[in-house]
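*Asks:* Predicted model follows, preceded by the sequence.
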Number of protein chains: 2
Amino acid sequence: MPDPLDPGPPLTAAGERLAVAASELFYRHGIRAVGVDLVAEHAGTTKKTLYDRFGSKDALVALYLRRRARTWQAFLAERTRGDGSVLAVFDALDAWLVTQDRGCAFVNAYAEIGGTDHPGVAVVRAEKEWMRELFAGLAGDAGLGAQLHLLFEGATVMVTAGGQPDAVVRAREAARALLGV
Amino acid sequence: MPDPLDPGPPLTAAGERLAVAASELFYRHGIRAVGVDLVAEHAGTTKKTLYDRFGSKDALVALYLRRRARTWQAFLAERTRGDGSVLAVFDALDAWLVTQDRGCAFVNAYAEIGGTDHPGVAVVRAEKEWMRELFAGLAGDAGLGAQLHLLFEGATVMVTAGGQPDAVVRAREAARALLGV
DNA sequence: ACGTAACCATACCGGTCGGTATACTCGCAG
DNA sequence: CTGCGAGTATACCGACCGGTATGGTTACGT
């Protein structure tokens, strides 16, 4: 089966502008709150081009999530370069959330499309699976990795929905305790 | 200031039916996905009555969240009666999520209304604050309580958006480790 | 008997939704 | 020269959005 996180081949010029506009708008305001007209307008193009390139709003939403996953993974790789430790992942999250004030795009998207057959659901699942396996690999233990991942997800939620900026620091402390270091 | 989680005085008969219908529909399908016409229809009443009772959709959404908080707190109190331990809270969450397959209503709502001046935002914040203080009280330590709360929130996310039913069990294991029991 | 709160029924408002249709221009490869 | 993919521009579709207006029917307390 194909990788649900693969962002696919390069886009045309207007297609790329549409994807960028969709990412910004969907993340900031939510999926249902943003209409295709608004996306096309922000991209400086038309609804016709949007449907020529992507076929449907659902497909554009799925692409938004795939590109979002790639962006986060690239940020994480750069921030943890030369420091493949669990704690470095929490430091990366702290830095990430400074500029991403609407929290986890995948959790937010799932709040709107969960329980449906929307093509974005598989992307959300795949991204969470990817993170859990990342922690399992770093911890060298699947069970411990899953526990560390829960701290990671909980911290993301509490920084945004909970309005508690120190949640990542608390998560890092708990991770240290679980790791016994 | 008034308690953001106070569900207010009892409602009239049709008002109560509207609140019940709103809870079910908003939780299952999301806030923007459900129109006021649909809520009124499910309640067996009319849009006119909805606006006579609540004044706006936003106010109805805020009430939905306040009632949801009360329902969860009542469930938790009943499940942990006679066992005021941290681990009992995780057991209660496990039982709760069996019937609540769309995850945390407050996280989901924040995904749609976060970053706005929607009256529901304060309710979301208050509910998360309430849970964090519950854990702080049970653990007898604010810092440790915050850490346990992160496991709680992370588990809720991973059971639903992550599709991992054993996340609560993992969270409970991690909580035991953090508590040193 | 009277006022009033609650409720039902229906119609309407301007605006936006996702999606389609028509018609055109441009650059490029065969 | 021709065909085609890409893009622009505009108009349109039925459906639905949150919210308002009008009018009438119960039931109850004073």
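*Replies:* Cool, got the structure.
*Asks:* what's the distance between the residue in chain A positioned nearest to DNA strand C and chain B?
*Replies:* Among all residues of chain A, A:G35 sits closest to DNA strand C, at 2.6 Å; criterion: Cβ to the nearest atom of the strand. C-beta: built from backbone N, CA, C; applies to glycine. Computed with Cβ to the nearest Cβ, to the nearest Å, the distance linking A:G35 and chain B is 11 Å.
*Asks:* Spell out which parts of chain A neighbour DNA strand D.
*Replies:* A:12-15, A:44-49, A:52-53 (Cβ under 7 Å from any atom of the strand).
*Asks:* Any of the residues you listed buried? List them.
*Replies:* Among the residues of chain A next to DNA strand D, those classed as buried by 16 or more other Cβ atoms under 10 Å in any protein chain shown are A:14-15, A:45, A:49, A:53.
*Asks:* Mind putting those residues into TSV with distance to B:R28, secondary structure and pLDDT?
*Replies:* As requested, those are exported to TSV (distance: Cβ to Cβ, whole Å; DSSP: H, G, I helix; E, B strand; the rest coil; pLDDT from 0 to 100):
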residue	distance to B:R28	secondary structure	pLDDT
A:A14	37	helix	95
A:G15	34	helix	96
A:T45	35	coil	97
A:T49	35	helix	97
A:R53	32	helix	97
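*Asks:* related to what we said a few turns ago, among the residues of chain A next to DNA strand D, which ones lie close to DNA strand C?
*Replies:* Among those, the ones lying near DNA strand C by Cβ under 7 Å from any atom of the strand are A:47-48.
*Asks:* Out of the residues of chain A next to DNA strand D, which two sit at the greatest distance?
*Replies:* Pairwise distances across those peak at 16.8 Å for A:A13 and A:K47 (criterion: Cβ to Cβ).
*Asks:* May I see the buried residues of the helix or strand encompassing A:L93?
*Replies:* Assessed by DSSP states H and E, A:L93 sits inside helix A:86-99. Using 16+ other Cβ under 10 Å as the test for burial, helix A:86-99 gives A:86-94, A:96-97.
*Asks:* cool, stretch A:113-126 as well?
*Replies:* The neighbour-count check on stretch A:113-126 (16+ other Cβ under 10 Å) flags A:113-114, A:118-126 as buried.
*Asks:* wait, does it make contact with DNA strand C?
*Replies:* No - using Cβ under 7 Å from any atom of the strand, stretch A:113-126 never reaches DNA strand C; the gap is at least 10.9 Å.
*Asks:* so does that stretch get close to chain B?
*Replies:* Yes - using Cβ under 8 Å from any Cβ of the partner chain, stretch A:113-126 comes into contact with chain B via A:114-115, A:124-125.
*Asks:* again, but for stretch A:130-148
*Replies:* Yes - using Cβ under 8 Å from any Cβ, we find that stretch A:130-148 touches chain B at A:132, A:143, A:146-147.
*Asks:* quick check: domain ranges of chain A?
*Replies:* According to automatic domain parsing, chain A is divided into the following domains: A:9-55, A:65-179.
*Asks:* could I get those as JSON lines with distance to B:Q164?
*Replies:* Formatted as JSON lines, those follow (distance: least, Cβ to Cβ, whole Å):
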{"stretch": "domain A:9-55", "distance to B:Q164": "23"}
{"stretch": "domain A:65-179", "distance to B:Q164": "7"}
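*Asks:* Determine which stretch of those domains is the most buried.
*Replies:* Mean neighbour count (mean count of other Cβ atoms under 10 Å in any protein chain shown) peaks for domain A:65-179 among the domains of chain A, with a mean of 20.
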